[in-house]
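> this one's structure only:
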């Protein structure tokens, strides 16, 4: 019967259903129903006493809004090295740690501390690769990143990052959403909520993931979720092989015109529902369908790296048709050029515990370096040459660091043929470059063993406050009322804008 | 009562007060000998010694005092004076504590201040004491440079070489909506009208600014010289314009060159040539220029002025 129902009939039927529902609410719990409705509406239309207004026409939820004050950065490319690369094998040069290689870890490093896998007394583990000085300022770097090394004078290394989460999922969530638990809005969501996006034919927040073998996104999709923000601000995961967005293209034999007809009918129903219930999420849904329709044309073009000259592909080491970090880096540049606000890359597989081989610093880690070094450098060089680094902020880093002790796998005394380090919260390295970032500098220091930060500690919330500052926001003012609190990316603890790393 | 007074030996008032004055003077003199800090206070109070003052532009005022403020004055300030030492003014710093001067001009080894802040944290005499944040290497360098250069209160900050970079904390001004409305008022009607005509292309640079940014790249060749001319009434306020990939030509050059506050201009993948680049050479505000094709000769004057130039890798 439903199959023969016209759109008009359907609308009428829905209207009748809605009326009975409304009557029920009216008879049964009028006051209460109205109360809940008002609360729901209030949540959708944030008006805060302490924050800025982000009111928009609900049909264009991603429209551009100016930042609070003139911004240095217009867009962000975040290169998240999932699993946490070892700072002690890349940027944090610790010659003294080499001298203590194989010695028992001193009790002062273990007392009152908790590690993910280390139990008992582990041995200290010296740096596994040689370091040398490079660039104008003689910055120390290992031999694992020969391409990135050439751009060292463009980077700002923060060697004093700290976190309070020693497991991947909560630590990734902390870095990406400002909270170790799920349900909070991700950095990309906050940024698109605050600024909208320039290109209305592409999502404002795009996620591109690649990996070595082994586990991927430990925390899953909440890493790019919108949490308590309207769902339209969540990240859209795209693929660099095959169709960029799953289920985006029309099925075989469905023309664009007939897809348009279907969408018009769906939109009509949704508009009707919106008028009936006044839920702005319905308008967001209509907007999402329309965005998907426009994306059918634009996304395929934007993600199609076959259109790039061979020399560019070679520079990145990109191979069209594959899922790779190299391809994603090239796509990231194309998206940045096309006015996408927040481009989030993940490359998984840096979890170097030393067992199995792909978690060995001598094997898996070496491969991750090879997979990412050249594409990262190519991306930076490309952005630089095109003038995009003037207003693009690039961030590289994992969710925590690695211990200066060898991972003894739960206190095991067996000798593994692979070398590994455990998760380390007390110190790790992140680098930034681009819009508004002071380049050719190192911020912060760790002690001689690379265990603790001894100078200029930077908490994750400080990094977030700094990123938002570069985008033209006071982290206190970019907030959203939810559950009785003006929610912020930085949480409730005070954060500090790291003024030392600003250009 | 009267009998008791009468029983006392008779001492003249003069002799009595003279003796008291002498005893006080001897006491003060003894204290001055034992406590140099006290001696300075006395001499300064009696006007025999001038109170040392630091000048506002001095290395001390700009770099050293903030460190004392952050690390020391909890125990060496107006509330408490452990060891008789105060570090909350230049004069007090010069006076030192009960063991004498803490900062000896030019003598790092002889300055107990420097010794104490560089002791290992485990030492009982280390300052700040254990549990407090120790001074970091940069901060210690500042103290060392100050003492080495004479522990002066007047030596200007710029005269001290090798000091770590001073970074001021970020301050964000409060948003003042009525001031913003006032700033925007002269062009507000025009801006509203043209934003209606060119949706998504003209935007205020920020919520606290009357300056404008123009981004026409997403219009591709549907945006041309006539559209840019339509935006001309806003030209006085345009600080950034991205016209890459649009149909603008050299005909737009005079308009762009006349924008008085233009900082960033992008013309990649357009038909503009050296003519536009040359027209821009007079700009006093341009910082960033991205062009398609342009000759080194045309770009040279801009490069000389420090404009950051980007050329289209794909050749215009």
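Ah, there it is. Values in this document were obtained by computation on a predicted structure and should not be read as measured data.
> chain A contacts on the stretch 1-150 of chain B?
Applying Cβ under 8 Å from any Cβ of the partner chain, we find that the stretch 1-150 of chain B lies next to chain A at B:136-138. For the C-beta atoms, the positions are set from N, CA and C on the backbone; glycine is no exception.
> who wins on neighbours among those?
Among the residues of the stretch 1-150 of chain B next to chain A, the one with the most neighbours (other Cβ atoms under 10 Å in any protein chain shown) is residue B:138, at 16 neighbours.
> do you know how far that one is from residue A:289?
56 Å (Cβ to Cβ, to the nearest Å).
> and if you look at residue A:423?
42 Å.
> please identify which of those two sits among more neighbours.
The neighbour comparison of residue A:423 against residue A:289 (other Cβ under 10 Å) goes to residue A:423, with 26 against 14.
> just to revisit the earlier point, can you put the residues of the stretch 1-150 of chain B next to chain A in JSON lines and add secondary structure?
Converted to JSON lines, those look like this (DSSP: H, G, I helix; E, B strand; the rest coil):
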{"residue": "B:136", "secondary structure": "coil"}
{"residue": "B:137", "secondary structure": "helix"}
{"residue": "B:138", "secondary structure": "helix"}
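> which of these sits closest to chain A?
For the residues of the stretch 1-150 of chain B next to chain A, the minimum distance to chain A (Cβ to the nearest Cβ) is 4.5 Å, reached by residue B:136.
> can you tell me the closest non-neighbouring residue to that closest one?
residue A:455 (4.5 Å; Cβ to Cβ, 6 or more residues apart in numbering or on different chains).
> and if you look at residue A:356?
Counting by Cβ to Cβ, 6+ apart, the residue nearest residue A:356 is residue A:418, at 7.0 Å.
> any regions of the stretch 401-503 of chain A where pLDDT drops low?
The model of the stretch 401-503 of chain A has pLDDT under 70 over residues A:413.
> can you pull out the helices in it?
Secondary structure of the stretch 401-503 of chain A (DSSP state H, counting those that start in this stretch): helices at A:460-470.
> how about the residues of it near chain B?
Close to chain B, as judged by Cβ under 8 Å from any Cβ, the stretch 401-503 of chain A has residues A:445, A:454-456, A:469, A:472, A:474, A:477, A:497, A:499-500, A:502.
> now which of those residues would you call buried?
A:445, A:454, A:456, A:469, A:472, A:474, A:477, A:497, A:500, A:502 (16 or more other Cβ atoms under 10 Å in any protein chain shown).
> so which of those residues belong to strands?
A:445, A:454 (DSSP state E).
> which helix or strand contains residue A:208?
Taking DSSP states H and E as the criterion, residue A:208 maps to strand A:205-211.
> any idea how far that strand is from the chain center?
How far strand A:205-211 lies from its chain's middle: 8 Å, per Cα atoms, centre = their mean, to the nearest Å.
> what strands flank it, and is each parallel or antiparallel?
strand A:236-238 (parallel), strand A:342-348 (parallel) (DSSP bridges).
> just send those back as JSON lines, with mean pLDDT and mean neighbour count too.
Output for the strands paired with strand A:205-211, formatted as JSON lines (pLDDT from 0 to 100; neighbours: other Cβ atoms under 10 Å in any protein chain shown):
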{"stretch": "strand A:236-238", "mean pLDDT": "90", "mean neighbour count": "21"}
{"stretch": "strand A:342-348", "mean pLDDT": "96", "mean neighbour count": "26"}
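> and of these, who's closest to residue A:397?
Evaluated with Cβ to Cβ, the strands paired with strand A:205-211 place strand A:342-348 nearest to residue A:397, the distance being 11.5 Å.
> domain parsing for chain A?
Using automatic domain parsing, the domain ranges for chain A come out as A:4-41, A:56-244+A:304-501, A:251-299.
> domain map for chain B?
B:16-50, B:59-159, B:177-311.
> just to revisit the earlier point, could the residues of the stretch 401-503 of chain A next to chain B be laid out in TSV, adding distance to residue B:249?
TSV is the format used below for these (distance: Cβ to Cβ, whole Å):
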residue	distance to residue B:249
A:445	54
A:454	58
A:455	54
A:456	51
A:469	39
A:472	33
A:474	42
A:477	42
A:497	43
A:499	44
A:500	45
A:502	38
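> can you tell me how far residue A:147 sits from chain B?
Going from residue A:147 to chain B by Cβ to the nearest Cβ, to the nearest Å gives 18 Å.
> wait, that residue sits on residue A:374?
Yes - if you go by Cβ atoms under 8 Å, residue A:147 and residue A:374 touch, sitting 4.7 Å apart.
> for residue B:205, which non-adjacent residue is closest in space?
In space, residue B:205 is closest to residue B:211, 4.3 Å off (Cβ to Cβ, 6+ apart).
> how close does the one you found get to residue B:263?
For residue B:211, the distance to residue B:263 - Cβ to Cβ - is 9 Å.
> what touches both of these two?
residue B:239 (Cβ atoms under 8 Å, 6 or more residues apart in numbering or on different chains).
> before we move on, the earlier item: list the contacts of the residue nearest to residue A:356.
Contacts of residue A:418 (Cβ under 8 Å, 6+ apart): A:354-357, A:359-363.
> quick check: PyMOL command selecting the buried ones in those residues.
Per 16+ other Cβ under 10 Å, the buried members of the contacts of residue A:418 correspond to this PyMOL selection:
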select buried, chain A and resi 354+355+359+360+361+362+363
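> right, and chain B sits closest to which residue of the stretch 351-500 of chain A?
residue A:387 (3.3 Å).
> I'd assumed residue B:287 was in contact with that residue.
No - contact between residue A:387 and residue B:287 fails when scored by Cβ under 8 Å: they sit 11.3 Å apart.
> the more surrounded of those two?
Neighbour tally, residue A:387 and residue B:287, criterion other Cβ under 10 Å: the higher count belongs to residue A:387, 23 against 16.
> mind listing what the more buried one touches?
B:266, B:268, B:288, B:290, B:308, B:310.
> can you pull out the helices in chain A?
A:7-44, A:95-99, A:107-110, A:146-149, A:168-177, A:187-195, A:256-277, A:280-303, A:310-316, A:325-337, A:364-385, A:460-470 (DSSP state H).
> where in chain A is pLDDT low?
Residue ranges of chain A with pLDDT under 70: A:1-4, A:15, A:17-49, A:214-215, A:413.
> again, only using 80
Scanning chain A for pLDDT under 80 picks out A:1-51, A:58, A:212-217, A:239-249, A:280-281, A:284, A:410-416.
> and it, which residues reach chain B?
Close to chain B, as judged by Cβ under 8 Å from any Cβ, chain A has residues A:52, A:63-64, A:66-71, A:198-201, A:309, A:338-339, A:382, A:385-387, A:390-391, A:445, A:454-456, A:469, A:472, A:474, A:477, A:497, A:499-500, A:502.
> can I get the strands paired with strand A:205-211 in CSV including distance to residue A:295?
Listed next are those as CSV, based on distance: least, Cβ to Cβ, whole Å:
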stretch, distance to residue A:295
strand A:236-238, 9
strand A:342-348, 15
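> and residue A:450, which of those is closest to it?
strand A:342-348 (23.1 Å).
> contacts for that closest one, please.
Against strand A:342-348 from outside (Cβ under 8 Å, 6+ apart): A:75-83, A:176, A:187-188, A:191-192, A:204-212, A:214-217, A:223-224, A:235, A:325, A:328-329, A:332, A:335-336, A:368, A:371-372.
> repeat that with 6 Å
Residues outside strand A:342-348 that contact it (Cβ atoms under 6 Å, 6 or more residues apart in numbering or on different chains): A:76-83, A:188, A:191-192, A:205-211, A:216, A:325, A:328, A:332, A:335, A:372.
> can you check stretch A:243-255 too?
Contacts of stretch A:243-255 (Cβ under 6 Å, 6+ apart): A:238, A:259, A:299, A:303.
> how near is residue B:55 to residue A:487?
For residue B:55, the distance to residue A:487 - Cβ to Cβ - is 48 Å.
> in terms of neighbours, single out the busier of these two.
A direct count of neighbours by other Cβ under 10 Å for residue B:55 and residue A:487 places residue A:487 higher, at 24 against 15.
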